[in-house]
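Novice: build me a model:
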Amino acid sequence: MGYGSYSHSAHAALTTDRAALSRAEVFKQRGCHALMDPKGLSVREARDSAEHPNSLGIVFALDVTGSMGNIPEYLARRDLPTFMKLLTDCRVPDPQVMFMAIGDATSDGAPLQVGQFETTAELIDQWLTWSYLEGGGGGSNSESYELAFYVLAQHTDLDCWVKRRKRGYLFMTGDEHPYPVVSRHQIEALIGERLDEDIALEEVVAAAAESWHLFFLIPDRQRRQNCEARWREVLGDQVICMESHVDTCTVAAAIVGLTEGALRGVDALADVLHANGTPRDRIAATIRALQSYADLIDPDAPKRIHTHPTSTAIGKPDWWKRLFS
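Specialist: Residues are numbered from 1 along each chain as shown. Presented below is the predicted three-dimensional model:
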């Protein structure tokens, strides 16, 4: 999949047209869409083409349980075009985006939904709004995030990895723990594959990480207290704690830009966000969320002295003084 050209104006028009609609009018599914049902799932492909010779697979695996439905709704109503535009501004040439929806396989009717990789605004938007926002969850302080890792490890094929040894990107949103294993019974029931035994979470994460950068995005500071420690055991520094769910697309695009080397640290990130019209408070929040990760991949970072961007003028970082002082 992934043919056709992306139009930011067309994508922005889609979100603008539904600004006044209710959630039920935007997300019309009342069960798993037939084309997102993983039963019999073979392979989801992100391929190069004459139009897109440097494809880069990007997956949003969105928690759609009761406490997390505001993120897919915000993406569909407003911010997904921002993600795509920021990738363009960061000179990421050929992104191909796929959506997955995650619930709780111990209690929900549609705990795993899987779209396709797409390039055009209409099709990217289509798979997002075809997601069934079940609003469930089992109350166990865990959701079935491990199923998404299994799909990436076993059922995706990326030209960026096969041809260029460039890993794709997973952005998983959530606020609870993963289950400790991929259940062989759930895989058989949901996908139709028979496994000899359960797969430990650490094993499926390691398998997915061979060809994917794996990021877990926690939507705000309040919910980080519930799940951050466990996710850091699983993904380490690729757990990103945001200050608001409205920063999801900005943070995700910035991660791609930083990791791909298109953005050389948070100063360059601030410039791109400012040029894109991002409000100053959201620029500051995005940089606070990503400062540690940006330092991790920046060899010059240990030379810096970090201060809070609202401290005195002498202590303000360069990007803050340049853009906002």
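
Novice: how about the strands of the stretch 101-250 of the chain, start to end?
Specialist: Secondary structure of the stretch 101-250 of the chain by DSSP state E, counting those that start in this stretch: the strands cover 112-114, 142-143, 156-158, 168-173, 177-178, 181-182, 199-200, 212-218, 239-241.

Novice: dump the ones you listed to CSV, plus distance to residue 90, mean neighbour count and mean pLDDT.
Specialist: For glycine as for every other residue, the C-beta is placed from the backbone atoms N, C-alpha and C. Output for the strands of the stretch 101-250 of the chain, formatted as CSV (distance: least, CB to CB, whole Å; neighbours: other CB atoms under 10 Å; pLDDT from 0 to 100):
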stretch, distance to residue 90, mean neighbour count, mean pLDDT
strand 112-114, 27, 25, 98
strand 142-143, 31, 24, 96
strand 156-158, 19, 20, 98
strand 168-173, 12, 25, 98
strand 177-178, 30, 22, 98
strand 181-182, 34, 20, 98
strand 199-200, 35, 17, 98
strand 212-218, 15, 22, 98
strand 239-241, 17, 23, 98
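
Novice: of those strands, which approaches residue 132 most closely?
Specialist: Closest to residue 132 of the strands of the stretch 101-250 of the chain is strand 112-114 (CB to CB; 6.3 Å).

Novice: on that earlier part again, reformat the strands of the stretch 101-250 of the chain as TSV; add distance to residue 281.
Specialist: Output for those, formatted as TSV (distance: least, CB to CB, whole Å):
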stretch	distance to residue 281
strand 112-114	33
strand 142-143	30
strand 156-158	36
strand 168-173	21
strand 177-178	30
strand 181-182	40
strand 199-200	41
strand 212-218	19
strand 239-241	17
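
Novice: for the nearest residue to residue 263 once chain neighbours are set aside, helix, strand, or coil?
Specialist: Spatial nearest neighbour of residue 263, chain neighbours left out: residue 257 (3.9 Å); criterion: CB to CB, 6 or more residues apart in numbering. When classified by DSSP: H, G, I helix; E, B strand; the rest coil, residue 257 comes out as helix.

Novice: what about the longest helix seen in the chain, distance to the chain center?
Specialist: Ranked by residue count and defined by DSSP state H, the top helix of the chain is helix 280-296. With CA atoms, centre = their mean, to the nearest Å as the basis, helix 280-296 stands 16 Å off its chain's centre.

Novice: what angle do strand 212-218 and it make with each other?
Specialist: Computed by axes from the mean of the first three to the mean of the last three CA atoms, to 10 degrees, the angle separating helix 280-296 from strand 212-218 equals 140 degrees.

Novice: so for stretch 118-131, what gets flagged as buried?
Specialist: For stretch 118-131, the neighbour count (16 or more other CB atoms under 10 Å) marks 118-121, 123-131 as buried.

Novice: and the helices in this protein, which stretches?
Specialist: 8-17, 23-26, 70-74, 80-89, 121-129, 146-155, 159-164, 184-190, 201-209, 221-235, 248-259, 266-275, 280-296, 318-324.

Novice: picking up where we left off before, could I get the longest helix of the chain in CSV with only the CA atoms?
Specialist: What follows is helix 280-296, C-alpha atoms only, in CSV (Å, rounded to 0.1, in the frame of the first residue of the first chain):
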residue,chain,number,x,y,z
ARG,A,280,4.6,29.0,22.3
ASP,A,281,3.2,27.1,25.2
ARG,A,282,2.9,23.9,23.1
ILE,A,283,6.5,24.4,21.8
ALA,A,284,7.7,24.6,25.4
ALA,A,285,5.6,21.6,26.4
THR,A,286,6.9,19.5,23.4
ILE,A,287,10.5,20.3,24.2
ARG,A,288,10.1,19.5,27.9
ALA,A,289,8.6,16.1,26.9
LEU,A,290,11.5,15.4,24.5
GLN,A,291,14.5,17.0,26.1
SER,A,292,15.8,13.8,27.6
TYR,A,293,15.3,11.8,24.4
ALA,A,294,16.9,14.6,22.3
ASP,A,295,19.9,14.6,24.7
LEU,A,296,20.2,10.8,24.4
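
Novice: which helices and strands does it pack with?
Specialist: Under the contact definition 3 or more CB pairs under 8 Å, 6 or more residues apart in numbering; DSSP states H and E, helix 280-296 sits against strand 239-241, helix 248-259, helix 266-275, helix 318-324.

Novice: which residues does the nearest residue to residue 29 once chain neighbours are set aside contact?
Specialist: Nearest residue to residue 29, sequence neighbours excluded (CB to CB, 6+ apart): residue 132, at 4.0 Å. Counting by CB atoms under 8 Å, 6 or more residues apart in numbering, residue 132 makes contact with 27, 29-33, 36, 64, 101, 110, 113.
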